[in-house]
Structures are given as structure tokens and as C-alpha cells.
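Participant: Pasting the sequence and the predicted model now:
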Amino acid sequence: MAPISFSTGTPAQKLDESSFTQMDPDHDLESIGKHCQFEFCNQLDFLPFRCESCKGTFCLDHRTETTHKCTHAGEWAAARRKNSIGATGIQSTSMISSLPPVKPTIYNSSQCSHPSCKTLIHTLQNTGVHCNECNRQYCLKHRLREDHDCAKLTPIGARPARQGPSQAEKARLAFSRLRTWGKDKSANVAANLAPKPKPNSAAARMARLTDLKKKAKGDPSLNLQKRFYLHVEASADTTTAKYPTGDFYFDSSWSVGKVLDDAARRLQVQNVNNRGGGEAERLRVFHVEGGKLLEFSEKLGASGGLAQGDTIVLLRGVGPPPELIEQR
């Protein structure tokens, strides 16, 4: 980055061969500490420069017409040429051109942006090259991206890239993950060491009933003490069933026939029991744990075979319970 210039003696005067003027700290107090007006820079400069063509204020790096892409480039030269000719026309252009060229300095030229290079660019001897990636000016020696480490530079005027997490944040994140992993590990170890209830034990049945109560659906207005929880399945023969299985709770005072009607409605199984017809289309309720067909008149709460958490299956065309078949 080019150094910031300060006036340490008499104020710097406008040079005839330059398109800018350094601010006078004794007379241009309002200009001290202004931001560079170049759209990609906006750098705060304590002693900025004023462009004599567009009258803008710029920092040391963008004080020339070329570096700040002046919209009125060349107007200062035209005005100087007009003033040099004068009203009488005595002076000629040959006299103006005979003036000795001004020696390029840091005040009237730009410096290569490479930190180790002091070459003055945009002069008659050394041209400058603008890098579109980092938005900086370089001499011919450092014009290539590889020569000035362009990939490591933040473009001038661009927002700084979001920095990655600091070492402290990484440490906190790692510790948090370790603590979570430790809790999960402890829970897994405790689960492995805890005695697992047998499938048919009272503890296992209670665990299944608790899980069933969490998932069961039914009439939400039904009192908790009157809810009878069952796991209901539809047989493969009931091909019209939309949902083959479900967990429900019913009123404990209901009969098996009413439970069948409600379960068939919830599983969307076609129920034609009330239309009459033969046993081929009639639905029956099979109690899995009891291993038998239930009668339609049986009550849930009064039935000795059904228990909370048991499984019933809706079957079609199996006929009545064996004890209802007439003996001949």
C-alpha cells in the first residue's frame, strides 16, 4: 500500500504537470480527514488531494485521473492551455512545450501497490497496470496475479470475507461435542447394563401399554378412566382397508360390535355387517392373545379375555364363533 502523505512545511502547491492539488492544512481545514471519493476505496485520508478536472477529493492512491477514472479527464490540461495562450496571443504553444518536464515524484505519480516495490507508475518511463481482481495498480514487473499474491489480498472496496471460527470458538465447539458424546455414551452404557424385561413379563406388557397409550387415537372427550387401549389390525383379506393397522382407545363400556364399527371406520375397512347378507362379507373380531373370535355382544370391560394393550384383528368371511354354530 502506498504511504500516506503529510505536509510538513510550506503547503504543497499545484504543479503545472499534475491534474491534482494537495490540500493546504492551513487554509483547507474543512478538507482534512475526508474520505476518498473513489467508489471502491472510501479510505480516510488526513491530507487528501483534489482533482482539478472533476473537483473530487481522493486519497494518495487515487489522486490521478487514471487511478480514479476521472469523468472529466483532461479538463485541467485544457484550462491550463487556454490560460497559457492568454488574451494577446503573444505566447505560443512552442513556448509552453519548451517548459522542462516535471520529475515524477510520489506527489504527482502513483506508486506500485506491491509492498516491496517503490516504482512510480503512470509516468512516461513506467506505465501502470490495473488488476481487476484486487483492484490495485502495479508496475509491469508485478502486473501478474502470481507476482503480487493476488489470491491473498482483499479487493479494495469489497467487504471483508467472513472469518472462520477462532481457536477459542473451536475449543468450545469441540468441548460441547465431547460432552454430548459423553452423555450419549453414558446413556447407551446404562441402557445396556439395565436388565431388559422378558417379552411376556408384566414389566414388558406395561412398557408396551405405555407406548400404546402415547400413540393411540380416539375420542378426545372420553374420560381417561374409561379408555380401553387396543392394537387393531386389518386382515389381508380385507383388501379395501386403507390403513392396515392402528392403535386406538375405545369406551370400556362398549360392546365388541361397536368397537368393530369404530375400528373399521378408522382403518377405512368396508363394513357391510348392518346390511345383512351372508358370512362371506361379514367382519368378525379375532382376539390374538385369547386365540378366539369374540361375540358382538361382549363388553370390553366385562370380558374376561380382553386386557388393556391386547391386539384384535378384523377378519372377513370367517363365519361366527364355533360355539354359535348350530349343532345337528
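Facilitator: That came through, no problem.
Participant: Which element is encountered next along the chain beyond the worst-scoring helix or strand of the chain on mean pLDDT?
Facilitator: For the chain, counting by mean pLDDT, DSSP states H and E, helix 93-97 ranks last in confidence among helices and strands (a mean of 51). Counting by DSSP states H and E, the element after helix 93-97 in chain order, helix or strand, is strand 110-111.
Participant: Tell me which strands that following strand pairs with, and in which orientation.
Facilitator: When sheet partners are counted by DSSP bridges, strand 110-111 sits next to strand 120-121 (antiparallel).
Participant: Show me the contact partners of the following helix or strand past the partner strand.
Facilitator: Counting by DSSP H and E, the element after strand 120-121 in chain order, helix or strand, is strand 129-131. Residues lying outside strand 129-131 but in contact with it, judged by Cβ atoms under 8 Å, 6 or more residues apart in numbering, are 121, 136-140, 143, 145, 148, 150. Any C-beta I mention is one placed from the backbone N, CA and C, and that applies to glycine too.
Participant: Return a ChimeraX selection command for the buried portion of these.
Facilitator: A single ChimeraX command selects the buried members of those (16 or more other Cβ atoms under 10 Å):
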select :121,136,137,138,139,143,148,150
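Participant: between the contacts of strand 129-131, which is nearest residue 219?
Facilitator: residue 150 (72.3 Å; Cβ to Cβ).
Participant: Can you give me every residue that contacts that closest one?
Facilitator: Residues 131, 133-134 are the ones in contact with residue 150 under the rule Cβ under 8 Å, 6+ apart.
Participant: can you redo those as CSV with distance to residue 46?
Facilitator: Compiled in CSV, the contacts of residue 150 are given as follows (distance: Cβ to Cβ, whole Å):
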residue, distance to residue 46
131, 27
133, 29
134, 24
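Participant: List only buried entries from these.
Facilitator: Buried members of the contacts of residue 150, counted by 16+ other Cβ under 10 Å: 131, 134.
Participant: so residue 62 makes contact with residue 36?
Facilitator: Yes. Counting by Cβ atoms under 8 Å, a contact exists between residue 62 and residue 36, whose distance comes to 5.7 Å.
Participant: circling back to that earlier point, nearest to residue 219 among the contacts of residue 150?
Facilitator: Distances from the contacts of residue 150 to residue 219 were compared by Cβ to Cβ; the smallest belongs to residue 133, at 70.1 Å.
Participant: Please look at that closest one and residue 144 and confirm they touch.
Facilitator: No. Contact criterion Cβ under 8 Å: residue 133 and residue 144 do not qualify, at 10.9 Å.
Participant: So what sits opposite the closest residue to residue 128 other than its chain neighbours in the bridge?
Facilitator: Counting by Cβ to Cβ, 6 or more residues apart in numbering, the nearest residue to residue 128 once its immediate chain neighbours are dropped is residue 121, at 3.4 Å. Using DSSP bridges, the bridge partners assigned to residue 121 are residue 110.
Participant: do you know how far residue 121 is from residue 234?
Facilitator: 86 Å (Cβ to Cβ, to the nearest Å).
Participant: Also residue 77?
Facilitator: Using Cβ to Cβ, one obtains 95 Å as the distance from residue 77 to residue 234.
Participant: More neighbours: which of these two?
Facilitator: Under the neighbour definition other Cβ atoms under 10 Å, residue 77 and residue 234 were set side by side, and residue 234 has more, 24 against 15.
Participant: So for the more buried one, what's the pLDDT?
Facilitator: At residue 234, the pLDDT value in this model is 83.
Participant: from memory it sits against residue 312, does it?
Facilitator: No. Because the distance of 10.4 Å does not satisfy Cβ under 8 Å, residue 234 is recorded as not touching residue 312.
Participant: which residues touch residue 144?
Facilitator: Under the criterion of Cβ under 8 Å, 6+ apart, the contact list for residue 144 is empty.
Participant: ok, which stretches of this protein are helices?
Facilitator: Secondary structure of the chain (DSSP state H): helices located at 75-85, 93-97, 167-193, 202-215, 256-267.
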